[in-house]
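Participant: Pasted the sequence and its predicted model underneath.
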Amino acid sequence: MSPAAHPRPLGPGQRRGVGSRAFVTLTLAIVSLLWLLPYAWMVLTSFKTLPEIVTAPAAPLPAGLEWGAYAAVFDAMPVGRYFWNTTVMALGIAAIQIAVALPAAYALAKLDFKGRTLAFGLVVATLLIPAQVRFVPVFATLAEVRLVNTMAALVLPFGVSAFGTFLLRQALLSVPDSLIEAARMDGASEWRIVYGLLPPLLGPTLASFFLFSFVYHWNDYFWPLVMTTDDSVRTLPLGIALLREQGTGVRWHIVMAGNVLLSAPALLVFALAQRHLLRAVTSRAA
Amino acid sequence: MRPHRPAAPYLMMAPTALLLGVFFFYPVVYAAYRSLYEWDLLTEPRYVGLGNYAHLIRSGELGHALMTTLSFSLVVVTGAMSLGLLLAVALNRPGKFAAFVRGAVFSAYVISWVSVALLWLWVLDADAGVLTASLRALGLPTANWLGDPDVALYTLSAVTIWKIAGYAMVLFLAGLQDVPLVLHEAAALDGASALHRFWHVTWPLLRPTTAFVGTTSLILSFQVFDVVRVMTQGGPVQATTVFVYAIYEQVFLNLRVGRASAQVVIFFFVLLVLTLVQLWLWRRKGAA
Amino acid sequence: MKPSGARSVSRRHFLQGAAALCGAACRRQDEAAGRTVASLWFTYGGRNRQVLERLVARFNTSQSSYFVRAVYQGDYFEGLAKLRTAVAARSGPSFSHVVGEVVPYLFEAQVLEPLDDYPGAGELGILHALGQAGSFLGGSRRPLVALPFNRSTPIAYLNGQIFEQARLAAPTSWDTLREVARRLTVRRGGRVVRHGFGCPIDWWFWVALVGQAGGRIVDAAGRVTLGGDAAVQALELWQDLVQREGSMKPPPGRDYNAWEQTNQDFLAGRTAMIWTSTAFLKYLEENAPFPVVAAPLPKHVERAVPTGGTHWIVLRQAPEHEKRAAWAFLRFMHEPEQVIEWATETGYLPVTEAAIARLERDGYFARHPNAKVALDQLAVAMPWPWSTELFRIQREIVQPRLESAVLSGANAARLIEQARALIEGQSG
């Protein structure tokens, strides 16, 4: 059960008087405004026109529902292509991560073999080597083999997720050995077990991890910034960031329209699958 | 369990091992190797021994990057933790409204750093931004949020806190849920006030969560890059040149791959120290 | 066999993306069918970008052998970073444009295609001061690798209304600059509500000041010495205006943020006079609610300005057919019609003699005296040294010290000395 979605009911001593409840409600309202107003402002700005931005940038409401800014975003860049690149990249990463983590987690959780502790230690040790450390050597190496600015450069370096392997191993530890032994006696091969038997058992964990990884990499700016040069495999965050064209007046309504397009998918996934994402985040603490 | 075939576990670990080797361990070794050279990617590398490290220290670049990142981290970690805890305590209640507010706060964590950066870049614009306009309308003082060297780093810290407070909140909520109801009841029966209960019952039990939130926020704040790149590009006057941004500039603007590799090696050790601290604190969690 | 929840979310994304892609891909195929394609990486945004894209489109429709695909790469600095790394990773474009300071470096690194032997290279009729020969010391002794594209000089823009009211004329010396800035600075309640003068704290303008103070960034032997005492005087002028007089607004931000801010301050009437590139002439004229008057920069010991903007370069590593397509485009861009359109629509200088002659004949400069200012200033333009270290010196050594000196009031002489020492150390 995800804690943030289903908190406990009020315990003893937590009943409050009307005044205190009003105060709490007011505080909560202010808190939600602090987080929601910026989005609202982003959306409102995206419906303005350039004269409005220049003459009255802080005016609360746009004069009308103008879609010009959105049209300008599509004019300024191949949004569809960027969207596609980003989605393919994120899907590819999440899929490969799961495909690679499943057998590794299974071996680490269920199979006795020499060097198991060392292997697990090494996997966890990679948490010490984040993208911000790897990018210089990986970039230099990929540059030498002409793989910069390719989808491979965006996906392969993330093929292993230590977090995912850890998560799956954790989940597998609570899967009873007897299930696996039974499958073996039925003649299933180890690979059959890994890719056939385990996924349904690990359903929620896999879903959470997949979504978390997908959203995380969809939103990634740093790695695509480093690894791409032109717009053939450019991702959406990079494209939208480029909307800040300097020198002749930043056209904020267009930047905000782009920002709406950029934020929408993550917010959509969040709205639909909040529980799964939260589970992925909080399981680290478990 | 014993493996079906002796080779099976090794085969299962093979893809992981291969990818880790190529994309994690080899790069660290390669970076250490390259840090001894001067290389601009276009011409031949030139061996300079420890020259890159010497330059980084002598020129003050290293010290500056470390100080900037540390100041930034300090503000972000204390801010995110305090705010996260406060929000968790305030929102640890049932009901649709509380759930909605929790969602709103956490949503900032889910969208990309670029989204957050562009959004706040617009809100904080010194002339056209709505924050300045609102403050002026209320007669309150304003500042050049992103253009004043003394203020810019704090502005970026605030934006970062806005983004990750939801993450801290969610972790604290999980921690709060773990405090058994029984303890609250016992304390209440003993006549303890809400604040007293929090301090003596909840807080000690939250300590492992607090440690975890603290160290993950610390490491997260050390890896910050996107907000700096999108909002200030390391300026004004390098007031916001945090470590990762300094490395990025070294490679892509100065084309000094050797020196950047030296910075990467140093950064790796800094992270190592931070993570060891995290692991040490984490180990104590089991003691509760 | 993954859980269905995750599948349905990703399936939705997949379909969305597929639909979007088909639209984009189909259009792309049609445009370039059967033609030789050259890729151009450019670094303009806003208005100037629209003009460039228009010219590219005109080239593409005016003939059917070649097709230029133009890709936007951010601002100069970001674009340059991408270009250099792309070249290193051998995934670069066919051609692009870069700032003058980096041309010698790229040439020495064997990245640039020599253009002398391309058809018609000798007959482009380029204005001497703007071509490679005139822009670089010793530029004519090297193979032709750079053609002028958007070339500029810094000029002063005056808020016509304010100057008229105050009955002031454009300053012609550093003393009158101080005077005018002081007179036009307006304070209200201890706060400055209008600055008399604004200028991005940037290498380019500093080089102009150094030149005006009689120094040259590079000495007679071709070494980068930063101009001796003139360098300190230049920096101290800024420090005076910002720190002591308070009449110059220090723009915030780095790189192009600062230039953007200067423009906006001028347009909003917050700064009465600014120095910025002639490249913004059209933009400022069109967006200012007051008459904009352009004026040359003042003199101190002498008049001097650097040239700026970028040069076309073709990448050596591009395939032969792409280079040919790029060359066809470059010839197209040097025809009088295109040169004139580019110059008059933006404010950059017209780069060929033929274009300038035509503009004079048509009385363009008579109608638009602002446009002549930068052109006339070319008479006092300083060429850049042909130095491979120049862009590094600019970016790593000088620029940060300029910012620090002006914004935090550090000792100018010491900073310049530091810079010089670092440069000497580097040339070892």
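Facilitator: Noted; the coordinates are in hand. Numbering: from 1, shown residues only, chains lettered A, B, ... in the order given.

Participant: Where do the helices of the stretch 51-200 of chain B begin and end?
Facilitator: Ranges of helices within the stretch 51-200 of chain B are B:51-58, B:61-91, B:96-110, B:113-123, B:130-137, B:152-177, B:181-189, B:194-197, based on DSSP state H, counting those that start in this stretch.

Participant: Which among these is found nearest to C:E345?
Facilitator: Of all the helices of the stretch 51-200 of chain B, helix B:113-123 sits nearest to C:E345, with 28.5 Å by C-beta to C-beta. Placement of C-beta: from N, CA and C, glycine included.

Participant: what's the closest one packed up against?
Facilitator: In this structure, helix B:113-123 packs against helix A:18-46, helix A:236-241, helix A:252-283, helix B:130-137, helix B:152-177, helix B:226-227, with contacts taken as 3 or more C-beta pairs under 8 Å, 6 or more residues apart in numbering or on different chains; DSSP states H and E.

Participant: could I get these as CSV with mean pLDDT?
Facilitator: Listed next are those as CSV, based on pLDDT from 0 to 100:
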stretch, mean pLDDT
helix A:18-46, 84
helix A:236-241, 93
helix A:252-283, 87
helix B:130-137, 87
helix B:152-177, 92
helix B:226-227, 93
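
Participant: Any chance of CSV for those helices, columns distance to C:E337 and mean neighbour count?
Facilitator: Shown next, in CSV, are the helices and strands packed on helix B:113-123 (distance: least, C-beta to C-beta, whole Å; neighbours: other C-beta atoms under 10 Å in any protein chain shown):
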stretch, distance to C:E337, mean neighbour count
helix A:18-46, 38, 15
helix A:236-241, 33, 26
helix A:252-283, 30, 22
helix B:130-137, 45, 16
helix B:152-177, 46, 24
helix B:226-227, 43, 25
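
Participant: which one of the ones you listed lies closest to chain C?
Facilitator: helix A:252-283 (6.2 Å; C-beta to the nearest C-beta).

Participant: centre of the chain versus the closest one, how much separation?
Facilitator: Mean-position distance between helix A:252-283 and its chain equals 9 Å (C-alpha atoms, centre = their mean, to the nearest Å).

Participant: can I see the domain layout of chain A?
Facilitator: A:18-71, A:77-242 (automatic domain parsing).

Participant: Name the stretch among the ones you listed that sits most buried.
Facilitator: domain A:77-242 (a mean of 20; mean count of other C-beta atoms under 10 Å in any protein chain shown).

Participant: got the domain boundaries for chain C?
Facilitator: C:34-152+C:308-380, C:154-306+C:389-426.

Participant: Quick check: end-to-end length of the longest one?
Facilitator: Across its full length, domain C:34-152+C:308-380 reaches 48 Å between end residues, using C-alpha to C-alpha, to the nearest Å.

Participant: ok, and does that domain reach over to chain A?
Facilitator: Yes. Contact of domain C:34-152+C:308-380 with chain A (C-beta under 8 Å from any C-beta of the partner chain) involves C:39, C:41, C:44-49, C:71-75, C:82-83, C:85-86, C:88-93.

Participant: State the distance from the closest residue to chain C within chain B to B:H64.
Facilitator: At 2.1 Å from chain C, B:G147 is the closest residue in chain B, using C-beta to the nearest C-beta. According to C-beta to C-beta, to the nearest Å, B:G147 stands 19 Å off from B:H64.

Participant: B:V244 too?
Facilitator: Applying C-beta to C-beta to B:V244 and B:H64 gives a distance of 14 Å.

Participant: Compare those two (neighbour count), which wins?
Facilitator: Neighbour totals were compared for B:V244 and B:H64, and B:V244 leads with 26 against 16 (other C-beta atoms under 10 Å in any protein chain shown).

Participant: Work out for me the element that one sits within.
Facilitator: Assigned by DSSP states H and E, B:V244 falls within helix B:243-252.

Participant: Okay, the residue nearest to B:L87 when sequence neighbours are not counted and B:S221: tell me how far apart.
Facilitator: Of all residues not flanking B:L87 in the chain, B:M169 sits nearest, at 4.2 Å (C-beta to C-beta, 6 or more residues apart in numbering or on different chains). Computed with C-beta to C-beta, the distance linking B:M169 and B:S221 is 16 Å.

Participant: residue contacts, C:E108?
Facilitator: Applying C-beta atoms under 8 Å, 6 or more residues apart in numbering or on different chains to C:E108 gives the contacts C:T388.

Participant: Could you work out the end-to-end span of stretch C:378-395 for me?
Facilitator: Start-to-end, stretch C:378-395 (C-alpha to C-alpha) is 25 Å.

Participant: who touches it?
Facilitator: Contacts to stretch C:378-395, defined as C-beta under 8 Å, 6+ apart, come from residues B:253-254, C:99-102, C:104-105, C:108-109, C:127, C:129-130, C:134-139, C:142, C:153, C:203, C:207, C:211, C:216-218, C:222, C:224, C:302-307, C:349, C:419, C:423, C:426-427.

Participant: run the last query once more with 6 Å
Facilitator: By C-beta atoms under 6 Å, 6 or more residues apart in numbering or on different chains, the surrounding residues in contact with stretch C:378-395 are C:100-102, C:104-105, C:108, C:129, C:135-138, C:203, C:211, C:218, C:224, C:303-307, C:423.

Participant: so of the residues you listed, which ones are in strands?
Facilitator: Among these, the members falling in strands (DSSP state E) are C:305-306.

Participant: Buried among the contacts of stretch C:378-395? Make that a PyMOL selection.
Facilitator: Buried residues within these, by 16 or more other C-beta atoms under 10 Å in any protein chain shown, are selected in PyMOL with:
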select buried, chain C and resi 100+101+102+104+105+129+135+136+137+203+211+218+224+303+304+305+306+307+423
